[in-house]
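[1] missing the sequence, but the structure's below:
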């Protein structure tokens, strides 16, 4: 069970990293994975997330080995289980695959991940949910109007607030400080 649990956790992490790196124009693109090999022959410039994909394949094999062990274990009779060799082989294969996979994933992928700060900032500024931070300054109804307008027009909250002439640039900098939004406490309470 423990090897399968590790494998499924790694599969989720690898898949999340794959999606976070998708792009450059039609994906999330929040992170950049190291380039390991040339990309697709049909899509020049594409970077294949090969390290994430190898982890996903290994995790799938480990899940299969887990099922093999589970079924083989049901064939034990009294103090004898003739399926012990297949169980041992499946377990040892899983250990070896996971050890090699994790080492390669760490050294060839995880250690080289970089945040695409510009893309993250762009996505954050286009997210109408940050208008919530304006509640204390302009009230809920106006903040809600700002959020809806920003979403409808695909504009940043900052742009909409400026167009509506609701706050100064300095006030916007203070209220839309996303770093502060991620810290504990109530906005405006110092």
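    Yep, that arrived. Only a predicted model underlies this, so the values are computations on that prediction, with no experimental measurement involved.
[2] break the protein down into its domains, please.
    Following automatic domain parsing, the chain resolves into domains at 2-115, 118-181.
[3] mean neighbour count added to those domains, as CSV?
    For glycine as for every other residue, the C-beta is placed from the backbone atoms N, C-alpha and C. Conversion of the domains of the chain to CSV gives the following (neighbours: other CB atoms under 10 Å):
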stretch, mean neighbour count
domain 2-115, 15
domain 118-181, 16
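[4] using JSON lines, lay out those domains together with mean pLDDT.
    Shown next, in JSON lines, are the domains of the chain (pLDDT from 0 to 100):
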{"stretch": "domain 2-115", "mean pLDDT": "94"}
{"stretch": "domain 118-181", "mean pLDDT": "93"}
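[5] isn't residue 137 up against residue 176?
    No. Using CB atoms under 8 Å, residue 137 is not in contact with residue 176; the gap is 10.0 Å.
[6] could you look up the SS state of residue 28?
    coil (DSSP: H, G, I helix; E, B strand; the rest coil).
[7] could you do residue 120 as well?
    Taking three-state DSSP, the label given to residue 120 is helix.
[8] now do the contacts for it.
    Each residue near residue 120 by CB atoms under 8 Å, 6 or more residues apart in numbering is listed here: residue 30.
[9] ditto for residue 49
    Contacts of residue 49 by CB under 8 Å, 6+ apart are 17, 18, 21, 33.
[10] also residue 159?
    Contacts for residue 159 (CB under 8 Å, 6+ apart) come out as residue 150.
[11] swap in residue 169?
    Contacts of residue 169 by CB under 8 Å, 6+ apart are residue 162.
[12] that one and residue 131, how far apart?
    As defined by CB to CB, to the nearest Å, residue 169 lies at a distance of 17 Å from residue 131.
[13] and if you look at residue 146?
    5 Å.
[14] overlap in contacts, these two.
    Common contact partners of residue 146 and residue 131 (CB under 8 Å, 6+ apart): residue 157.
[15] these two touch, right, residue 81 and residue 71?
    No. Using CB under 8 Å, residue 81 is not in contact with residue 71, being 11.8 Å away.
[16] now do the phi/psi pair for residue 77.
    The phi and psi torsions at residue 77 (degrees, to the nearest 10) take the values phi -120, psi 120.
[17] helices along this structure, start to end?
    Shown for the chain, the helices assigned by DSSP state H span residues 2-20, 50-73, 84-108, 117-126, 135-138, 140-153, 157-163, 169-175, 178-181.
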